[in-house]
Each structure stands twice: as C-alpha cells, then as structure tokens.
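In: Would you be able to build a 3D model of this:
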Amino acid sequence: MKVFMLLLILAVIALSYCTPEPEECYYDSRGLCMGECEPGTYSYTSNCDQMMIPEPTCDTPTPQEEEAPCDYSACYCKAPTVRDTSSGKCVPLEQCPKKQV
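Out: Just a heads-up that it's a prediction; the model follows:
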C-alpha cells in the first residue's frame, strides 16, 4: 500500500509539470482572448505605445513605427517570416511572389 501511495504522489507531481504551453491569442479592448493565432504567428499588442503597424509584409518588410489605436491586437508573422498579402500566409522574404513590372 505504501508503494502504491508513493507512486500516486509521484504521478501527481509529474503531471503538474506537464501543463501545455498557452496558445498565442489576439485580444479585444477588454483584454479578452478573441481567438488563437495560427502556427507561425504571435500575438502583437500595442498597449498604447508606438507600434509596428502594419506588420512586415512582402511589399514592406521593414515598416516604420506609427501611432496605433490603444490596445490594438493582431497575429503577426514570427521573424524571419513576413506576411504574403496575396495568400495571407507567413513566408520567408525570399519566397515572396515577384512583383509584376
């Protein structure tokens, strides 16, 4: 019986370390999670500070910081990827569609 109790305690301790990582969320102005960001993106929130808006895209890979509305939140592509605005997907800059001249 002592061995069973010891194993039970060890199992509970082990399970307490197995908490899943929280999903990235984008938030509304009240701070409530409005939805999960898709894989390869992260939640970007302005908190009323200067922010990078719009996010880096194939057309503008290094946007300038601009004033943004307070508590703006969106899912931005994780570096080193940028948003391909034609497909809406995150891609490496070198995989962006070529511009028509």
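In: I figured Pro92 hits Lys78, correct?
Out: No: here Pro92 does not reach Lys78: they are 11.1 Å apart, not a contact under C-beta atoms under 8 Å. From N, CA and C alone the C-beta is placed, and that goes for glycine too.
In: What are the boundaries of the helices in the chain?
Out: 2-16 (DSSP state H).
In: Out of the helices and strands in it, which is least certain?
Out: strand 51-52 (a mean of 56; mean pLDDT, DSSP states H and E).
In: any weak-confidence spans in the protein?
Out: Within the chain, the stretches with pLDDT under 70 are 4, 6-8, 10-23, 29, 47-53, 67-69, 71, 101.
In: And for Val82, the neighbour number?
Out: The number of residues packed near Val82 is 23, by other C-beta atoms under 10 Å.
In: wait, doesn't it sit right on Thr62?
Out: No: counting by C-beta under 8 Å, Val82 stays clear of Thr62, with 9.4 Å between them.
In: Show me whatever sits in contact with both of those two.
Out: By C-beta atoms under 8 Å, 6 or more residues apart in numbering, Val82 and Thr62 have these common neighbours: Pro56.
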